[in-house]
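below are the sequence and a predicted model; questions follow.
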Amino acid sequence: MKLDDAYMDEVEQELFVRAMDRIGRGDKVVGVYCAFTPKELIVAAGGIPASLCGSSAEVIPVAEQHLPRNFCPLVKSSYGLALSDTCPYFHYSDLLLADSTCEGKRKMYEILSEIKPVHLLALPQNADNGQSFRLWLSELYRLRALLERELGNKVTDEKLREAIKQYNQVRQMIVTIFELNKGDIPLLTGCEASIAVDPIGFEVDLPGYVDRMKQVVAFARDRGGVAPRPRILLTGCPTTSKKVLKIIEESALVVAMESCGGLKTVNMVDEDGDPMEALARATLKIGCPCLSPNHRRFENLTNLIREYKIDGVIDLTWQACHLFNIESYSLGRYIQNELDIPFLQIETDYSESDKDWLKVRVEAFVEMLS
Ligand code: SF4
Ligand code: SF4
């Protein structure tokens, strides 16, 4: 087994064929832009979830026809894919679910709604009070009703519980994949782990997704460890573009990722209580800077640093992402002063133009750790 682009292409192709079959039979695709949207509701409504956050640099010039150049590359890429109609997941989406997280995404959704129907979920700004919980819960009920209407299927508590169980298995396997790197000899590189946990396109086969990750675990255990290098925890903006991850792994090893697509969003959902309340509670536990204060991220990072024996933390900020950029100040101060762990913030975009400069900065940081 080789966890590379060819592996991803093969899985993507297989899922695509299955999705086309379901679409042909009338099932609808629901595009998602943020980890706060519980995909369980889509699955319980008989829909096909597809993550739409853009990772392509090529479509950014297309987006810049409408969006400012000095703007988050993730937002520009997502919009560019939509405008150029070059993303199959966007193309086949019947409905887009959008959480009101950052100002960039929120304003992008407004113009995106000229292309496809967008449903905005009003995410509370503070996750820690009862009022926020009630607001979020009511938003999820509004979403449930919308999905029932648009997809033509009733969302029963039974179907919702079943979807929660399936996604909990996915979450558990994502944790298991990263835990392969807890020991002194890590079993996967960060690039491999990132590919292993990627849902890769249309989410039409959750048991298959779990099996795929189980195969990776067996493969990694069988192969044995990867050459030890300084152990990095990568945090920050979603690693939609793998540019920074790849640069870090030229001199170090990313043993854990606290970001969307990594260990940030794997909060288990209670399978026994009220499923709507359980979903609202678990999603509000996501430690994202779009919530204020965001002490959960600090707690998660503290635990990960200890559990994964981290030598250094690298905080990825996509250019013009004010949320992560501002939080980087207090995060860096906390990690360096309270936890005594070296910290490096990298601010970049999807372009290749600063690669050499980034390499120099990362190498100097890693050298200091060694
Ligand atoms: S980083 Fe925050 S806003 Fe962005 S997708 Fe993840 S949870 Fe949503
Ligand atoms: S990286 Fe920052 S600016 Fe970009 S979409 Fe995520 S939260 Fe918004």
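Ah, there it is. Ligands and ions are numbered 1, 2, ... in the order given.

which non-adjacent residue is nearest P228?
I185 (6.1 Å; CB to CB, 6 or more residues apart in numbering). From N, CA and C alone the C-beta is placed, and that goes for glycine too.

what helix or strand does that neighbour sit in?
Using DSSP states H and E, I185 sits in no helix or strand.

that one: what's it in contact with?
224-226, 228 (CB atoms under 8 Å, 6 or more residues apart in numbering).

and the residue of the stretch 51-200 of the chain nearest ligand 1?
Closest to ligand 1 within the stretch 51-200 of the chain is T101: 3.6 Å, counting by CB to the nearest ligand atom.

what's the pLDDT at that residue?
On the pLDDT scale, T101 is placed at 95.

shift numbering so it begins at 41
I'll keep to 41 as the first residue from here, and by that count the last item is T141.

got the contact list for it?
By CB under 8 Å, 6+ apart, the contact set of T141 is 74, 76, 163, 328, 330, 363.

I figured the fourth one hits H335, correct?
Spelled out, it's C328. No. Under the criterion of CB atoms under 8 Å, C328 is not in contact with H335, lying 12.0 Å apart.

and those two? Which one has more around it.
Neighbours of C328 and H335, each counted by other CB atoms under 10 Å, are more numerous for C328; the result is 25 against 12.

per-residue confidence for the more buried one?
At C328, pLDDT is 97.

check D168 too.
In this prediction D168 is given a pLDDT of 83.

the nearest residue to it once chain neighbours are set aside: neighbouring residues, count only.
Sequence neighbours aside, P333 is the residue nearest to D168 in space, at 7.7 Å (criterion: CB to CB, 6+ apart). P333 has 13 neighbours, counted by other CB under 10 Å.

which helix or strand contains P333?
Residue-wise, P333 maps onto no helix or strand under DSSP H and E.

over to M148?
M148 belongs to helix 143-152, assigned by DSSP H and E.

got a list of contacts for that helix?
73-74, 106-107, 111-112, 115, 118-119, 122, 136, 138-140, 158, 160, 360-362.

run the contact check for that helix versus ligand 2.
Yes. Residues of helix 143-152 are located near ligand 2 by CB under 6 Å from any ligand atom, namely 144-145.

alpha carbons of that helix, as PDB, please.
Taking Å, rounded to 0.1, in the frame of the first residue of the first chain, the C-alpha atoms of helix 143-152 are listed here in PDB:
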ATOM      1  CA  GLU A 143     -16.400  37.100   7.600                       C
ATOM      2  CA  GLY A 144     -14.600  35.800   4.500                       C
ATOM      3  CA  LYS A 145     -16.800  32.700   4.200                       C
ATOM      4  CA  ARG A 146     -20.000  34.600   5.200                       C
ATOM      5  CA  LYS A 147     -19.600  37.200   2.400                       C
ATOM      6  CA  MET A 148     -18.500  34.500  -0.100                       C
ATOM      7  CA  TYR A 149     -21.700  32.600   0.600                       C
ATOM      8  CA  GLU A 150     -23.800  35.600  -0.400                       C
ATOM      9  CA  ILE A 151     -22.400  35.700  -3.900                       C
ATOM     10  CA  LEU A 152     -22.300  31.900  -4.000                       C
END
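
list the contacts for the residue most central in space within the chain?
The centroid of the chain falls nearest to C300 when counting by CA atoms, centre = their mean (2.7 Å). With contact set as CB under 8 Å, 6+ apart, C300 has these partners: 74-75, 93, 278, 328.

can I get those in TSV with distance to ligand 2?
Below are the contacts of C300 laid out as TSV (distance: CB to the nearest ligand atom, whole Å):
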residue	distance to ligand 2
C74	8
A75	10
C93	8
P278	6
C328	8
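
what's the most distant pair in these?
C93 and C328 (13.3 Å; CB to CB).

which of the contacts of I225 are buried?
Buried by 16 or more other CB atoms under 10 Å: V266, out of the contacts of I225.

what about the contacts of I225, which are in strands?
Using DSSP state E, no member of those falls in strands.

just the contacts of I225 now: which is nearest P128?
P128 has its nearest neighbour among those in V266, at 33.1 Å by CB to CB.

and the closest one, what's its pLDDT?
Confidence for V266, expressed as pLDDT, is 95.

doesn't I386 lie inside a strand?
Yes. Per DSSP: H, G, I helix; E, B strand; the rest coil, I386 lies within a strand segment.

buried ones from the contacts of C300, can you make that a ChimeraX selection?
The following ChimeraX line selects those of those that are buried, judged by 16+ other CB under 10 Å:
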select :74,75,93,278,328
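
please enumerate the helices of the stretch 241-390 of the chain.
246-263, 283-288, 315-323, 335-347, 362-373 (DSSP state H, counting those that start in this stretch).

which one of those lies nearest to H131?
helix 246-263 (21.9 Å).

quick check: residues of the stretch 41-190 of the chain near ligand 1?
So the stretch 41-190 of the chain meets ligand 1 at 74-76, 141 (CB under 6 Å from any ligand atom).

residues contacting R337?
Each residue near R337 by CB under 8 Å, 6+ apart is listed here: 275, 298, 304, 327-329, 367, 371.

so how far is A233 from S291?
18 Å (CB to CB, to the nearest Å).

quick check on these two: which one has the bigger neighbour count.
A233 (27 against 18).

so where does the more buried one fall, helix or strand?
Per DSSP H and E: helix 230-236 holds A233.

buried ones in that helix?
Buried, per 16+ other CB under 10 Å, within helix 230-236: 230-236.

and E367, how far is that from R146?
18 Å.

and the two? Which one has more around it.
Per other CB under 10 Å, whichever of E367 and R146 has more neighbours is E367, with 23 against 15.

which one of the contacts of I225 is nearest ligand 1?
V266 (27.4 Å).
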